[in-house]
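Engineer: Give the three-dimensional model of this entry:
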Amino acid sequence: MTNTNVILVSGSRHTVPPSKNSPGAPRIIETLSNSDVEGMCFKVISKYNDSLKLQNYNTDKFLHIRPTVVNRFFEKLLHYVPLKVKKRIFGYALPDRIVYYESIKRLIKKEKPDIIITFMHFELFKKLHKLYPKAKHIYFFRSTDLQMRLGTDNIAYLANHSDGFLANTKSPIQELQSIYPNLNIPKETIYNAVNLNDFSDKISDELSKQYREKLNLTSEDFIIGYAGRLSEEKSILELFEAISYFKSKGQKVHLLIAGSIKIETTPNKHYYKDIMTYYDEHLSDQVHFLGWIPNEHLYEFYNALDIGVLLSKYSEGNSMFLLESLSMGTPVIATNIGGNIEMISDGENGFLIDSQDIKQNVIQTLDNILKDKSQLNKMSEKAVNYIRQNHTDEIMLDKFNNFIKKFE
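Structural biologist: Numbers count the residues shown, from 1 in each chain. Next up, the predicted model:
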């Protein structure tokens, strides 16, 4: 029997298998590519990274767009092409993205897949569909607010040309169905997942004590944690101001931040300067910048926390930070937007706050917690159980396998 050839294409410029600095999406793609659907052969296309030299991986499965002499010359040439011209020809203007996507197109022609699953960027989905229409094309949307992200014309293209639609939250599927109620293609929510061996199985009071001691903190100190981008969208300044409020009241709250602007693809340097200025002037002894922490060491970070925060203002998909926090028994204060409302049951495994007036809502929630910290202990077990029941690798793979079988 001939195998069905399935190619998973990463629209972002992160490599798969992931490097130690990779965000969650490459790890999810790697896990899905290891699916064991009988009669199907899975491959992944992603951008090459020098970290791959130190990894042992299946070069037949993981295909990479490498920085060849031709690609380097093409990218250098694109810097001299006006933005309007690049957008008119390619649909976007970033030279490295243009080179990456054009190289993917050449590789797709060579591989001749039966099924193409495009992750993230819709422009790449459209290009691959137009390039190779004989394949089944599935778009994997990894955010919320479908209309805002794609726009009316792209959603119409999706409805008319996609053979399947995946999302890592429920709302995009509901939104697509409401716009096109008669759209009869397979649609499925496949949430992100956590490897319990890496997180839940490493919950340890002793590790928590050791990690805190490295930062000159004790078991009595109250510690908030956040891992992710240092952007305005994540309300870092509002969080700093909330911590300053408690400082003015004589209550010392510590914040651990795992992340580095140096590895962000679109860093907001002006905002970063603002938060560092505020830090220097008000919170230098309470905010602890830990830099980027590789995935294999994140459990140490989570062990040290009393509570996590995810204060996205505008949109949020299926945050790996949120899932990893819960898997370590750490409740999370999260804004009531996007995928957060699908993960957090208010008062059960965390707290949902309104995304309007975030500073004041954080202050009220933290004040409540600080008056009765025992409620966090009750939430901790519920947080871990929620992950075990909804967000393990096995659950994610089972849903993906059942979905992909429809296209054999």
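Engineer: Tell me how this structure divides into domains.
Structural biologist: The chain breaks down by automatic domain parsing into domains covering 4-193+392-407, 200-390.
Engineer: Quick one: those domains as TSV, columns for mean neighbour count and mean pLDDT too.
Structural biologist: Any C-beta I mention is one placed from the backbone N, CA and C, and that applies to glycine too. What follows is those, written out as TSV (neighbours: other Cβ atoms under 10 Å; pLDDT from 0 to 100):
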stretch	mean neighbour count	mean pLDDT
domain 4-193+392-407	17	92
domain 200-390	18	94
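Engineer: now the strands for the stretch 151-300 of the chain?
Structural biologist: Taking DSSP state E, counting those that start in this stretch, the strands of the stretch 151-300 of the chain run over residues 164-167, 187-189, 222-227, 253-258, 287-291.
Engineer: ok and the last one relative to strand 253-258, angle-wise?
Structural biologist: Which is strand 287-291. Put simply, strand 287-291 runs at 10 degrees to strand 253-258, going by axes from the mean of the first three to the mean of the last three Cα atoms, to 10 degrees.
Engineer: In the sheet, which strands lie alongside strand 287-291, parallel or antiparallel?
Structural biologist: Partners of strand 287-291 in the sheet, by DSSP bridges, are strand 253-258 (parallel).
Engineer: again, but for the shortest one
Structural biologist: Looking at strand 187-189 with DSSP bridges, its paired strands and their directions are strand 164-167 (parallel).
Engineer: Using PDB, write out every CA atom in the partner strand.
Structural biologist: In PDB, the C-alpha atoms belonging to strand 164-167 read as follows (Å, rounded to 0.1, in the frame of the first residue of the first chain):
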ATOM      1  CA  GLY A 164      -9.600  21.300   6.300                       C
ATOM      2  CA  PHE A 165      -9.200  23.800   9.200                       C
ATOM      3  CA  LEU A 166      -7.500  23.400  12.500                       C
ATOM      4  CA  ALA A 167      -7.200  25.800  15.400                       C
END
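Engineer: How far away from the center of its chain is it?
Structural biologist: Distance of strand 164-167 from its chain centroid, counting by Cα atoms, centre = their mean, to the nearest Å, is 17 Å.
Engineer: How about stretch 175-193?
Structural biologist: The answer for stretch 175-193 is 20 Å, by Cα atoms, centre = their mean.
Engineer: again with stretch 308-324
Structural biologist: That offset, for stretch 308-324, works out to 9 Å (Cα atoms, centre = their mean).
Engineer: Start and end of that stretch, how far apart?
Structural biologist: End-to-end span of stretch 308-324 (Cα to Cα, to the nearest Å): 10 Å.
Engineer: Out of the strands of the stretch 151-300 of the chain, which gets nearest to residue 90?
Structural biologist: Residue 90 sits nearest to strand 164-167 of all those, at 24.3 Å, using Cβ to Cβ.
Engineer: can you list contacts of that closest one?
Structural biologist: Strand 164-167 has contacts (Cβ atoms under 8 Å, 6 or more residues apart in numbering) with 117, 136-142, 158, 173, 176, 185-190, 403, 406-407.
Engineer: same thing but at 7 Å, please
Structural biologist: 138-141, 158, 173, 176, 185-190, 403, 407 (Cβ atoms under 7 Å, 6 or more residues apart in numbering).
Engineer: ranges for the helices of the stretch 51-200 of the chain?
Structural biologist: Applying DSSP state H, counting those that start in this stretch to the stretch 51-200 of the chain gives helices spanning 69-78, 83-90, 95-111, 122-131, 146-150, 152-161, 171-179.
Engineer: Mind listing residues that contact the first one?
Structural biologist: Contacts to helix 69-78, defined as Cβ under 7 Å, 6+ apart, come from residues 86, 95-96, 98-99, 103.
Engineer: what's residue 3 sitting at in phi/psi?
Structural biologist: phi -70, psi 150 (degrees, to the nearest 10).
Engineer: Relative to residue 84, how far out is it?
Structural biologist: 44 Å (Cβ to Cβ, to the nearest Å).
Engineer: and what of residue 321?
Structural biologist: For residue 321 relative to residue 84 (Cβ to Cβ), the value is 38 Å.
Engineer: got it, and residue 345?
Structural biologist: According to Cβ to Cβ, residue 345 and residue 84 sit 48 Å apart.
Engineer: contacting residues around residue 143?
Structural biologist: 149, 315, 317.
Engineer: any chance of these in JSON lines, with distance to residue 227 too?
Structural biologist: JSON lines is the format used below for the contacts of residue 143 (distance: Cβ to Cβ, whole Å):
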{"residue": "149", "distance to residue 227": "23"}
{"residue": "315", "distance to residue 227": "18"}
{"residue": "317", "distance to residue 227": "15"}
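Engineer: Considering those, which is situated nearest to residue 377?
Structural biologist: Checking the contacts of residue 143 against residue 377 by Cβ to Cβ gives residue 317 as the nearest, at 29.2 Å.
Engineer: ok, back up a step: show me the one of the strands of the stretch 151-300 of the chain that comes nearest residue 332.
Structural biologist: Smallest distance to residue 332 across the strands of the stretch 151-300 of the chain (Cβ to Cβ): 9.2 Å, for strand 222-227.
Engineer: For the closest one, which outside residues touch it?
Structural biologist: Outside strand 222-227, the residues that touch it by Cβ under 7 Å, 6+ apart are 217, 253-259, 301, 304-309, 321, 370.
Engineer: what's the answer for stretch 6-13, then?
Structural biologist: Contacts of stretch 6-13 (Cβ under 7 Å, 6+ apart): 16, 25-26, 29, 32-33, 40-47, 96-97, 100, 104, 111, 113-121, 124, 128, 404.
Engineer: mind redoing it with 8 Å?
Structural biologist: With Cβ under 8 Å, 6+ apart, stretch 6-13 has contacts from 16, 25-26, 29, 32-33, 40-47, 96-97, 100, 104, 108, 111, 113-121, 124-125, 128, 265, 404.
Engineer: how far is it from where the chain is centred?
Structural biologist: On Cα atoms, centre = their mean, the centre of stretch 6-13 falls 15 Å from that of its chain.
Engineer: could you dump the contacts of helix 69-78 to a markdown table with distance to residue 74?
Structural biologist: Formatted as a markdown table, the contacts of helix 69-78 follow (distance: Cβ to Cβ, whole Å):
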| residue | distance to residue 74 |
| --- | --- |
| 86 | 12 |
| 95 | 8 |
| 96 | 10 |
| 98 | 8 |
| 99 | 5 |
| 103 | 9 |
